[in-house]
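show me how the following folds:
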Amino acid sequence: MTDMTQHSASARVTAAGTRRIVTPGTLLMKYGFFLLVLAVFVIFAALRPTFIAPGNIHGMLMSASIAALMFLGLTWLIAAGEIDVSFMSVAALANMTVAGLVAGGAGWPMAALSGLGMGIVFGLLNATLVAGLRLPALVITIASGALAASIAAAIGRGTSIALSSTGFVGGLLDMRLGALPVLALIVAALYALAWGLQEKLTFGRYVYAMEQNRAAVEEAGVPVNRLLFMLYVLSGVVSALAGVLLAAELSSGQPYLGTSYFLDGLTAVLLGGMALKFGKPNVIGTLAAVLFLTGLLNGAALLGWTDSQRQIVRGALLLVGVGLVVFARSRTHKRKTARPETA
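You can find the predicted model right below:
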């Protein structure tokens, strides 16, 4: 009985010793980005009351929902220490596939499935070359992205394809629950599920551990290549799904729509890494960053900023995101290397 008491007491001491002290600075670091998102919306609402008009809010939520869907797979890949720069080109290819088939007389169900099929094909291609053959992810996804972009341009011969109808996908985009688009609620539920997978299950711990020390995770018996394979396929599928939705939202196929999404995707994932987990990309942070970017760029447009000025803002935010992630990871590395010395 005495041994059990001593054991439980020592366990409590150990737990107390490893418990982190919560300070105002820690709370600000963890939740400060959410305050920044709120501040952006409050400031633009004060400067331009039309910013919070129901029609504008609906448009922003619709754009943010599609972008967040496209960036979901990218978030997990970067959290795992990998990269996929083909996501926006896969979305453009799916978009043009749908538009080309619908314009050619095919129905929306077949066109949508074909667009999703493109995402599966390129997801499997990236997964096989990176996870299967262990080729460098950056080089492979640049090449596969260029291939997807080339096929997208070839479908429309370098021009957009206008659509006279948006089919059942357009009907989905038009559905509302009160003032909220149903698509926004679906994406929010999907992100809630993704958060549960990333933060509450061992799957998420494996993803984070792969970025820290992939070799150690492999030695522990975790099927790293299988996990990466799944993540690359997921990235292809959600990117293609976003492209299908964009075909209905824009009522057209746009072969070069991926250009702006490239900067926005990387910026959202890296800036979102400043929320909740300092320097670690996470799905809630990405969702908050997408709302931040959507509100900031929409508000800037209402204030009369030119497209080139908004591109400068995108580039500057990407640099900030990269710098913060590099700083956070270098600080984490210094802490880990310092622990044995202080032990």
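
use CA for all of it now, contacts and neighbours both
Fine.

what about the most centrally placed residue in the chain, which SS state?
The structure's the chain has its C-alpha centroid closest to F71; by C-alpha atoms, centre = their mean the separation is 2.5 Å. Here F71 is recorded as helix under DSSP: H, G, I helix; E, B strand; the rest coil.

and the gap between the closest residue to it other than its chain neighbours and L74?
Closest residue in space to F71, ignoring its immediate chain neighbours: G265 at 5.8 Å, by C-alpha to C-alpha, 6 or more residues apart in numbering. For G265, the distance to L74 equals 8 Å [C-alpha to C-alpha, to the nearest Å].

among these two, which residue is more densely surrounded?
For G265 versus L74, neighbours defined as other C-alpha atoms under 10 Å are more numerous around L74 (31 against 25).

so which strand or helix has M96?
Assessed by DSSP states H and E, M96 sits inside helix 87-103.

average pLDDT for that helix?
Mean pLDDT, helix 87-103: 96.

buried stuff in the following helix or strand past it?
For helix 87-103, the succeeding helix or strand toward the C-terminus, using DSSP H and E, is helix 108-126. Under the neighbour-count criterion of 16 or more other C-alpha atoms under 10 Å, helix 108-126 has 108, 111-120, 122-126 buried.

other SSEs contacting the helix holding M96?
helix 54-79, helix 108-126, helix 137-155, strand 161-162, helix 224-250, strand 252-253, helix 258-272 (3 or more C-alpha pairs under 8 Å, 6 or more residues apart in numbering; DSSP states H and E).

if we use 7 Å, what do you get?
For helix 87-103, the packing partners by 3 or more C-alpha pairs under 7 Å, 6 or more residues apart in numbering; DSSP states H and E come out as helix 108-126, helix 137-155, helix 224-250, strand 252-253, helix 258-272.

send the alpha carbons of it over as CSV?
Extracted in CSV, the C-alpha atoms of helix 87-103 (Å, rounded to 0.1, in the frame of the first residue of the first chain):
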residue,chain,number,x,y,z
PHE,A,87,-2.3,21.3,-55.8
MET,A,88,-3.5,24.5,-57.6
SER,A,89,-2.7,23.0,-61.0
VAL,A,90,-4.7,19.9,-60.2
ALA,A,91,-7.6,22.1,-59.3
ALA,A,92,-7.2,24.0,-62.6
LEU,A,93,-7.2,20.6,-64.5
ALA,A,94,-10.3,19.4,-62.7
ASN,A,95,-11.9,22.7,-63.4
MET,A,96,-11.1,22.6,-67.1
THR,A,97,-12.1,18.9,-67.3
VAL,A,98,-15.5,19.6,-66.0
ALA,A,99,-16.0,22.7,-68.3
GLY,A,100,-14.7,20.8,-71.4
LEU,A,101,-17.1,17.9,-70.8
VAL,A,102,-20.1,20.0,-70.0
ALA,A,103,-19.5,22.3,-73.0
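
so how far is that helix from its chain's centroid?
Helix 87-103 has its C-alpha centroid displaced from the chain centroid by 19 Å (C-alpha atoms, centre = their mean, to the nearest Å).

quick one, grab the pLDDT at the closest residue to F44 other than its chain neighbours.
By the measure of C-alpha to C-alpha, 6+ apart, the closest residue to F44 outside its immediate chain neighbours is G299, 5.7 Å from it. In this model, G299 is scored at 91, pLDDT.

most packed of the helices and strands packed on helix 87-103?
strand 252-253 (a mean of 28; mean count of other C-alpha atoms under 10 Å).

chain center to that one: distance?
On C-alpha atoms, centre = their mean, the centre of strand 252-253 falls 23 Å from the chain's centre.

which residues touch the closest residue to L270 other than its chain neighbours?
Nearest non-adjacent residue to L270, counting by C-alpha to C-alpha, 6+ apart: G321, 4.9 Å away. Contacts for G321 (C-alpha atoms under 7 Å, 6 or more residues apart in numbering) come out as 267, 270-271.

state the distance from L129 to A209.
22 Å.

same check on L303?
Separation of L303 from A209 (C-alpha to C-alpha) stands at 44 Å.

who's more crowded, these two?
A209 (17 against 13).

CA atoms only: put the host helix or strand of that one into CSV for me.
Per DSSP H and E, A209 falls inside helix 202-212. Extracted in CSV, the C-alpha atoms of helix 202-212 (Å, rounded to 0.1, in the frame of the first residue of the first chain):
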residue,chain,number,x,y,z
THR,A,202,-2.3,8.8,-33.1
PHE,A,203,-2.5,9.5,-36.8
GLY,A,204,-2.0,13.2,-36.1
ARG,A,205,0.9,12.5,-33.7
TYR,A,206,2.6,10.4,-36.4
VAL,A,207,2.2,13.3,-38.9
TYR,A,208,3.8,15.8,-36.6
ALA,A,209,6.5,13.3,-35.6
MET,A,210,7.4,12.7,-39.3
GLU,A,211,8.4,16.4,-39.6
GLN,A,212,10.6,16.2,-36.5
